[in-house]
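Asks: make a model of this:
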Amino acid sequence: MKKTLLSLLAVAAMSTTALAAEIKPALVYGTGGKFDKSFNEAAAAGAEMYKKETGTDYRDFEPTSDTQGEQAIRNFASRGYNPVVAVSFAWTSAMEKVAAEFPDTKFVIVDSVVDLPNVRSVVYNEAEGSYLVGLLAGMASKTGKVGFVGGMDIPLIRKFGCGYVQGAKSVKADMQVFQNMVGTTGAAWNDPVRAGELTKNQIDQGADVIYAAAGASGLGVLQTAADNKKLSIGVDSNQNHVHPGSVLTSMVKRVDLAVYNAYKDAAADKFTAGVQSNGIKDEGVVAAIDDNNKALITPEMQAAVDKAKADIIAGTVKVHDYMTDNSCPM
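Replies: Presented below is the predicted three-dimensional model:
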């Protein structure tokens, strides 16, 4: 009996090991760098969360160019990594090519849509989340002027800016919103000096709350705002802790869950392809409030955010998505 029990335990152990061995997760970041304290770092947090929970390690790669991104995705797939998660719209064409070449590999792309039977596309309603932080910016502003600094000038980042404008103007219709982009290439995600210069220019024009949607470049926005005793707004990850008391809030995108769920679903043989869209209703985008910024958020501001969330979910407030027509109504 004892021998039989030991045999069963050995078989169970081998089965568990075999299951773990089948899951070889990989992660390809955007060009802003893994430790950008924003979008890429949120993705890394999701992979680490899965690793901590299951003990399954993962491989990752930080591309510095579009060519490296495609090479990394193909390299991981060819070496048997599965699923392969790529975070950034920049990998859209690469994903279309590589996923077609490896139909038995599961892929995930974040911030874009690739219509293939082995690809999960995870997108977010950044306009809704940006509306909430725009509302807070409008309520916090003493000058009636706020700012927005985007990273690369693309429709996705214009979507952030447009949602922000709508939220700010919901507080005060004649609110001035200054908008600048760091650049037009991938380098725009990792240029905090230029982002800081743009922030200072907006501050000189009277902006007292500046929202950064610029990857690692956004750290320059947060730093410059803090240096000038103004408020800033972080993005993607919760950046309230970067400059406590100076960061009004952060528009958090749950990119961590996109990565974590991809690995978890693949391990449980529950992976599905298709589009997953996450907005306020799904808590895919949130305005972060914690111990680092709670002193900046008045009860009136909290109540306004709660009402806006409820109204957006109910459909009584409709936030225009810049990417539907490449325009902003305000």
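
Asks: can you give me the strands for the stretch 51-200 of the chain?
Replies: 59-61, 84-87, 107-110, 119-124, 145-152, 176-183 (DSSP state E, counting those that start in this stretch).

Asks: tell me the most buried of these?
Replies: Mean neighbour count, computed with mean count of other C-beta atoms under 10 Å, is highest for strand 84-87 among the strands of the stretch 51-200 of the chain, reaching a mean of 30. (Glycine included, C-beta is placed from N, CA and C.)

Asks: run through who's touching that one.
Replies: Under the criterion C-beta atoms under 8 Å, 6 or more residues apart in numbering, residues 25-30, 39-40, 43, 47, 69, 73, 76-77, 94-95, 105-111, 255, 258-259, 262-263 lie in contact with strand 84-87.

Asks: that one pairs with which strands, parallel or anti?
Replies: Strand 84-87 sits in its sheet next to strand 26-28 (parallel), strand 107-110 (parallel), going by DSSP bridges.

Asks: any idea which of those gets closest to residue 198?
Replies: strand 107-110 (26.0 Å; C-beta to C-beta).

Asks: quick one, which of the strands of the stretch 51-200 of the chain gets closest to residue 189.
Replies: Judging the strands of the stretch 51-200 of the chain by C-beta to C-beta, what sits closest to residue 189 is strand 145-152, at 4.9 Å.

Asks: contact partners for the closest residue to residue 83 other than its chain neighbours?
Replies: Distances taken as C-beta to C-beta, 6 or more residues apart in numbering put residue 106 closest to residue 83, at 3.9 Å, once the chain neighbours are dropped. Counting by C-beta under 8 Å, 6+ apart, residue 106 makes contact with 82, 83, 84, 118, 120, 262, 266, 271, 273.

Asks: now with 6 Å, please.
Replies: 82, 83, 118, 266, 271 (C-beta atoms under 6 Å, 6 or more residues apart in numbering).

Asks: again, but for residue 237
Replies: Neighbours of residue 237 in contact, by C-beta under 6 Å, 6+ apart: 38, 41, 42.

Asks: residue 255 is in contact with the last one, correct?
Replies: Yes: applying C-beta atoms under 6 Å as the test, residue 42 and residue 255 come out as touching, 4.0 Å apart.

Asks: quick one: the helices in the chain?
Replies: Listed in chain order, the helices of the chain (DSSP state H) span 2-22, 39-54, 66-78, 92-101, 126-140, 155-171, 192-204, 218-227, 255-267, 299-314, 322-325.

Asks: just to revisit the earlier point, which of the contacts of residue 237 lies closest to residue 61?
Replies: Once C-beta to C-beta is applied, the member of these that ends up nearest residue 61 is residue 41, at 14.8 Å.

Asks: near the closest one, how many other residues are there?
Replies: Neighbour count for residue 41, taken as other C-beta atoms under 10 Å: 21.

Asks: quick check: pLDDT value at it.
Replies: pLDDT recorded at residue 41 is 95.

Asks: can you list the strands of the stretch 51-200 of the chain in CSV and add mean pLDDT and distance to residue 325?
Replies: Shown next, in CSV, are these (pLDDT from 0 to 100; distance: least, C-beta to C-beta, whole Å):
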stretch, mean pLDDT, distance to residue 325
strand 59-61, 98, 35
strand 84-87, 98, 26
strand 107-110, 98, 23
strand 119-124, 98, 17
strand 145-152, 98, 18
strand 176-183, 98, 18
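
Asks: the ones you listed: which one's closest to residue 239?
Replies: strand 145-152 (13.5 Å).

Asks: quick one: strands adjacent to the closest one?
Replies: strand 176-183 (parallel), strand 209-213 (parallel).

Asks: ok, and the closest non-adjacent residue to residue 297?
Replies: Excluding the flanking residues, the one nearest residue 297 by C-beta to C-beta, 6+ apart is residue 289, at 5.6 Å.
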